[in-house]
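Student: coords please:
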Amino acid sequence: MKALIWYDSFFGNTQQVAEAIADAVRPYVRIVELQRVQSAKPEDVARADVLIIGSPTRGFQPSPDTKALLRQLPRHALRGMWVAAFDTRIDLHTIESSVFRWIAKTGGYAASTIHKSLLRHDGRSVVAPDGFCVTDKEGPLMKGELQRAWQWGNTIGQTVGEEIVVV
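Tutor: Now for the predicted structure:
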């Protein structure tokens, strides 16, 4: 079984989360491949059983490169494949202005947009999309977020690992 983890990262925070997820998934699958979205190709998914995609939240959406890669995936490219989505974001509780907090809460985050796209391409959701918080626009990650990312990845690994045992 192969897990493919695509991520984009502007300041290194999303990359750190992707690496923590990869470390957690590794004991459950034969191969874990980390790729920046700029290097990823839609045809790479044909060799994977699990696809995890992460992006910083930029303007309530995934990064432009992440969105472009998702648009390039053929319609049924993920049929039957386990999929998961994550993002990095600013914690709502750290936004002082109630107006900006409402805008951020209403606008959404990258993970939910990525997750919806993965499901539209016939992927099977292995876990709910999740976000990992940074202290400011450029980071760093908030205390405990890498451990939380590892736990999220471990849940993915356990779930896909159980399927291997059952089959």
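
Student: run the chain-centre distance for the longest helix seen in the chain.
Tutor: The longest helix of the chain (DSSP state H) is helix 145-166. The chain centre lies 13 Å from the centre of helix 145-166; the measure is CA atoms, centre = their mean, to the nearest Å.

Student: do a quick rundown of the helices in the protein.
Tutor: Secondary structure of the chain by DSSP H: the helices cover 13-25, 64-72, 98-107, 110-120, 145-166.

Student: now find how far off-centre the lowest-mean-pLDDT helix or strand in the chain is within its chain.
Tutor: Ranked by mean pLDDT, DSSP states H and E, the weakest helix or strand in the chain is helix 98-107, scoring a mean of 77. Offset of helix 98-107 from its chain centre (CA atoms, centre = their mean): 22 Å.

Student: what lies in contact with that helix?
Tutor: With CB atoms under 8 Å, 6 or more residues apart in numbering as the test, helix 98-107 has contacts from 59-60, 90, 92, 95. Just so you know, the C-beta spots here come from the backbone N, C-alpha and C atoms, and that holds for glycine as well.

Student: in it, what counts as buried?
Tutor: Buried positions in helix 98-107, judged by neighbour count with 16 or more other CB atoms under 10 Å: residue 104.

Student: CA atoms only: put that helix into CSV for me.
Tutor: C-alpha atoms of helix 98-107 as CSV (Å, rounded to 0.1, in the frame of the first residue of the first chain):
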residue,chain,number,x,y,z
SER,A,98,-15.0,40.3,15.9
VAL,A,99,-15.7,41.4,12.3
PHE,A,100,-12.6,39.6,11.0
ARG,A,101,-13.3,36.6,13.2
TRP,A,102,-16.8,36.3,11.7
ILE,A,103,-15.4,36.8,8.1
ALA,A,104,-12.8,34.0,8.8
LYS,A,105,-15.4,31.7,10.3
THR,A,106,-17.9,32.3,7.5
GLY,A,107,-15.3,32.2,4.7
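
Student: output the lengthiest strand in the chain as PDB, nothing but the C-alphas.
Tutor: The residue-count maximum for a strand in the chain (DSSP state E) belongs to strand 82-90. What follows is strand 82-90 as a C-alpha-only set of coordinates in PDB (Å, rounded to 0.1, in the frame of the first residue of the first chain):
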ATOM      1  CA  TRP A  82      -8.700   6.800   0.600                       C
ATOM      2  CA  VAL A  83      -8.400  10.600   0.800                       C
ATOM      3  CA  ALA A  84      -7.800  13.200   3.400                       C
ATOM      4  CA  ALA A  85      -7.300  17.000   3.500                       C
ATOM      5  CA  PHE A  86      -5.600  19.300   6.000                       C
ATOM      6  CA  ASP A  87      -4.600  23.000   6.100                       C
ATOM      7  CA  THR A  88      -2.700  25.400   8.200                       C
ATOM      8  CA  ARG A  89      -4.600  28.400   9.500                       C
ATOM      9  CA  ILE A  90      -4.800  31.200  12.000                       C
END
